[in-house]
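Asker: Okay, here's the prediction I keep looking at, along with the sequence it came from:
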Amino acid sequence: MKINKVLNNNLVFSKNKDGEDIIVAGLGIGFQKIKGDEIEQKKIEKIFQNIAKKESTKLIKMLNEIPIAYFNCTEEILKQNHEFFENNFTNSTVLVAII
């Protein structure tokens with residue numbers, strides 16, 4: 001997976017295997033990277049898919065203000081909820097829960 005645009009040290013734009021735009025989050029994933037660089041798989045903590053173009057600017061602004069630790073914490077809470085209540089959550093649910 002290649003970087004299409006570095007948003008900040010922890011967020012990059014890329015495309016999934018189907019050519020759809022995605023935002024990839026991970027600690028230091030965009031640090032000293034440029035367009036075309038390969039994304040380090042071990043740094044990927046979260047992938048946000050199915051993002052509409054018109055919403056991406058607003059989303060990027062919000063994501064830039066949220067520490068990566070919040071994503072991890074929220075995801076852990078949702079995983080525990082899934083185990084207890086047997087609910088399935090998507091990446092969108094994680095994002096909404098954080099915001």
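Answerer: Yes, it's here. Numbers count the residues shown, from 1 in each chain.
Asker: When you work out contacts or count neighbours from here on, use the C-alpha atoms and nothing else.
Answerer: OK.
Asker: in the strand or helix carrying residue 13, what counts as buried?
Answerer: Using DSSP states H and E, residue 13 sits in strand 11-15. Buried positions in strand 11-15, judged by neighbour count with 16 or more other CA atoms under 10 Å: 11, 12, 13, 14, 15.
Asker: Show me the contact partners of that strand.
Answerer: Contact with strand 11-15 is made by 1-7, 21-26, 29-30, 64, as judged by CA atoms under 8 Å, 6 or more residues apart in numbering.
Asker: what comes up buried for the helix ranked longest in the chain?
Answerer: The longest helix of the chain (DSSP state H) is helix 68-85. Using 16+ other CA under 10 Å as the test for burial, helix 68-85 gives 68, 71, 72, 74, 75, 78, 79.
Asker: Starting from the strand holding residue 13, tell me which strands it pairs with and how they run.
Answerer: strand 5-8 (antiparallel), strand 21-25 (antiparallel) (DSSP bridges).
Asker: For the last one, the averaged confidence score.
Answerer: Put plainly, it is strand 21-25. Throughout strand 21-25, pLDDT has a mean value of 89.
Asker: what lines up beside the helix or strand just after that strand in the sheet?
Answerer: Moving toward the C-terminus from strand 21-25, the next helix or strand (DSSP H and E) is strand 46-48. Strands that pair with strand 46-48, judged by DSSP bridges, come out as strand 21-25 (antiparallel).
Asker: contacting residues around the strand it pairs with?
Answerer: Here strand 21-25 has contacts from 10-16, 44-51, 68, using CA under 8 Å, 6+ apart.
Asker: Check the offset of it from the chain's centre.
Answerer: Its chain's C-alpha centre and that of strand 21-25 lie 5 Å apart, by CA atoms, centre = their mean, to the nearest Å.
Asker: No more questions from me, cheers.
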